[in-house]
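J.: Any chance you could fold what I've pasted below:
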Amino acid sequence: MGSADFFTITATAGRVPIVNDAQPAEPHVGTQPQTPLGFMVAFGFASGLPLQLTNSTLQQWLATSGLPPHAIALTSWIGLSYTLKFLWSALFDRPAPGIFQRLGRRRGWLMLVQPAMAAACVCMALSNPGNALGLTAVAAVGVAFFSASQDILIDAWRIETYPERRQGEALAGYIWGYRAALRVAESGVIYLSTVIGWHASFLLMAALMLAGTIIAWFAPDPHKDALPIAAAGTMDRIGTAVIAPLRDFLRRPAAWWVLAFILLFRLGHMAADVNAIGFYRSLHFDSRAVSAANFLPALLGALSGAVAGGWLVHRLGAGRALMLAGIVQALSLGLYLVLLAAGHSTAMLAAKVGLEGFAGAAADTVFLTYISTLCSSAYTASQYALLSSLAPVAWHTLGGLSGYAAEGLGWRNFYAATMLACLPALLILRRLPRTAPAT
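T.: Residues are numbered from 1 along each chain as shown. Next up is the predicted model:
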């Protein structure tokens, strides 16, 4: 690549070339086309495992420890590391320290981050939240921080390893491992806690985290050149590590339209999800029915959706696949209206959750593939972390107000509105090819 185009979705391939106006900045070019997709399944499992341990599983542990609801609710702040990871992502575009540098820019850092994450999980397992909640929380923050750092590195490794035509397949494999890990870290740990206790269950999860280090050891090195070491001055270091990746992206034509699209793409779906529990309760579904629907139907839907998303990218290219997946995602929100018309139907609930999971996973696979194509090779980790962190910003802001909209509009009008909320992103996506200069 390296043409003047920043953003041209072609009719035949859907490629998204990008270029820095100041210096040519090639998008990612995978250097290991024959790398087995099994690495992505394993890395997906490594990423999904710590997420639930610091979220719903931890909250369940706190509840069984007799802590009040307000204390449990405060643990939601632990996950801020995943939203703010772009703040330190540029660190990982630099060489790993010491002897770890010999392992490569991504593998070297993974060999540091993954053991640290496992150690934090051990501290979490040895703590007692009933008597010293603060220590448990600090350990959980450590797990989340190193987990978010691991995500940065795995994303960068994927982008730099697999060629563009295999990015959809790689993400599909990642989501398979990721979804499986979510079930292990939630349902699996909760069950194990009744057999061997919470402390032993979390220690077992810490051992599983170390398995990720073994995968990183055997993973091929994408052989990317690290960024040059910055000058001694603090501002020079900040400029090289933080400002340069952002400036590289914002200098491109249509960059602001791309950012708007990323912010809005999942807005309707997130607004629907955040109010789903209240919607189910209004139809008199108990926790057991909702839990059953969110286990096997949701898992099967997500796994098959990830495969479908990867296939769409392979057949249509990232651009056209994204448009199609976005339309399917918007239409899937109509399943809420179908369930509303059916009333208290367990079969319809399971079908709705499974089909929506399929549409959501397909859209996620294509969306993440798409934003992967926007990253310059020099700033893969920092730019991908920034772009992927933007996606949930709308949920963390406007999503909190969607409950008021649901109360004011009623369920029928609210879920019709969530479908309409998907349209702005799709209209922006249609506009983007026309904003690029002529080839």
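J.: Please make it C-alpha for all contacts and neighbour counts, starting now.
T.: OK.
J.: Now stretch 34-50 - C-alpha only, CSV.
T.: The C-alpha coordinates for stretch 34-50 follow below in CSV (Å, rounded to 0.1, in the frame of the first residue of the first chain):
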residue,chain,number,x,y,z
GLN,A,34,0.9,-19.8,7.8
THR,A,35,0.6,-19.3,11.6
PRO,A,36,-2.1,-21.8,12.9
LEU,A,37,-5.3,-20.2,14.1
GLY,A,38,-5.1,-22.4,17.2
PHE,A,39,-2.8,-19.7,18.7
MET,A,40,-5.8,-17.2,18.4
VAL,A,41,-8.1,-19.7,20.2
ALA,A,42,-5.6,-20.1,23.0
PHE,A,43,-4.9,-16.3,23.2
GLY,A,44,-8.7,-15.7,23.2
PHE,A,45,-9.0,-18.0,26.2
ALA,A,46,-6.2,-16.2,28.0
SER,A,47,-8.0,-12.9,27.4
GLY,A,48,-11.4,-14.0,28.5
LEU,A,49,-10.4,-15.8,31.7
PRO,A,50,-9.4,-12.8,33.9
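J.: Let me know the secondary structure of the residue most central in space within the chain.
T.: With distances taken as C-alpha atoms, centre = their mean, the residue of the chain nearest its centroid is residue 388 (6.8 Å). Taking DSSP: H, G, I helix; E, B strand; the rest coil as the rule, one finds residue 388 in the helix state.
J.: least trustworthy helix or strand in this structure by mean pLDDT?
T.: helix 234-238 (a mean of 52; mean pLDDT, DSSP states H and E).
J.: re the thing from before, quick one: pLDDT of the residue nearest to the centre of the chain?
T.: Model confidence at residue 388, expressed as pLDDT, equals 74.
J.: contacting residues around it?
T.: Residue 388 sits next to 368, 371 when contact means C-alpha atoms under 8 Å, 6 or more residues apart in numbering.
J.: Packing partners of the helix or strand that the least confident helix or strand of the chain is followed by?
T.: Next in sequence after helix 234-238, counting helices and strands by DSSP states H and E, comes helix 244-250. Judged by 3 or more C-alpha pairs under 8 Å, 6 or more residues apart in numbering; DSSP states H and E, the packing partners of helix 244-250 are helix 380-390.
J.: from the middle of its chain, how far away would the helix it packs on be?
T.: Counting by C-alpha atoms, centre = their mean, to the nearest Å, helix 380-390 is centred 11 Å from the centre of its parent chain.
J.: mind saving the C-alpha coords of that helix as CSV?
T.: Extracted in CSV, the C-alpha atoms of helix 380-390 (Å, rounded to 0.1, in the frame of the first residue of the first chain):
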residue,chain,number,x,y,z
THR,A,380,-0.2,-1.1,16.1
ALA,A,381,-0.6,-1.5,19.8
SER,A,382,-1.4,2.1,20.7
GLN,A,383,-3.7,2.8,17.8
TYR,A,384,-5.7,-0.4,18.1
ALA,A,385,-6.1,0.1,21.9
LEU,A,386,-7.3,3.6,21.3
LEU,A,387,-9.8,2.6,18.6
SER,A,388,-11.1,-0.4,20.4
SER,A,389,-11.5,1.6,23.7
LEU,A,390,-13.6,4.2,21.9
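J.: What is the strand or helix carrying residue 413 packed up against?
T.: Assessed by DSSP H and E, residue 413 sits inside helix 402-420. For helix 402-420, the packing partners by 3+ C-alpha pairs under 8 Å, 6+ apart come out as helix 267-274, helix 318-332, helix 334-342.
J.: how about the first one: buried residues?
T.: Taking 16 or more other C-alpha atoms under 10 Å as the neighbour-count basis, helix 267-274 is seen to contain the buried residues 267, 268, 269, 270, 271, 272.
J.: Quick check: mean pLDDT of it?
T.: 80.
J.: orientation of that helix relative to helix 318-332 in degrees?
T.: Angle, helix 267-274 to helix 318-332, by axes from the mean of the first three to the mean of the last three C-alpha atoms, to 10 degrees: 40 degrees.
J.: Let me know the helix or strand that residue 426 is in.
T.: Assigned by DSSP H and E, residue 426 falls in helix 423-435.
J.: hang on, residue 213 packs against residue 109?
T.: No: using C-alpha atoms under 8 Å, residue 213 makes no contact with residue 109, being 10.5 Å away.
J.: any idea which helix is longest in this structure?
T.: Criterion DSSP state H: the longest helix present in the chain is helix 133-161.
J.: just checking, residue 185 touches residue 54?
T.: No: using C-alpha under 8 Å, residue 185 is not in contact with residue 54; the gap is 9.5 Å.
J.: can you pull the buried residues of stretch 335-355?
T.: Applying 16+ other C-alpha under 10 Å to stretch 335-355 flags 335-337, 339-340, 343-344, 346, 348-355 as buried.
J.: Can you pull the poorly scored residue ranges out of the stretch 101-250 of the chain?
T.: Low-confidence segments of the stretch 101-250 of the chain (pLDDT under 70): 164, 222-242.
J.: thinking again about what came up before, tell me the spacing between the residue nearest to the centre of the chain and residue 117.
T.: From residue 388 over to residue 117 the distance is 21 Å, taken as C-alpha to C-alpha, to the nearest Å.
J.: residues contacting residue 361?
T.: Contacts of residue 361 (C-alpha under 8 Å, 6+ apart): 301, 302, 303, 305, 306, 309.
J.: farthest pair in these?
T.: Greatest spatial distance among those (C-alpha to C-alpha): 301 and 309, at 11.9 Å.
J.: Before I go, just wanted to say thanks for your time.
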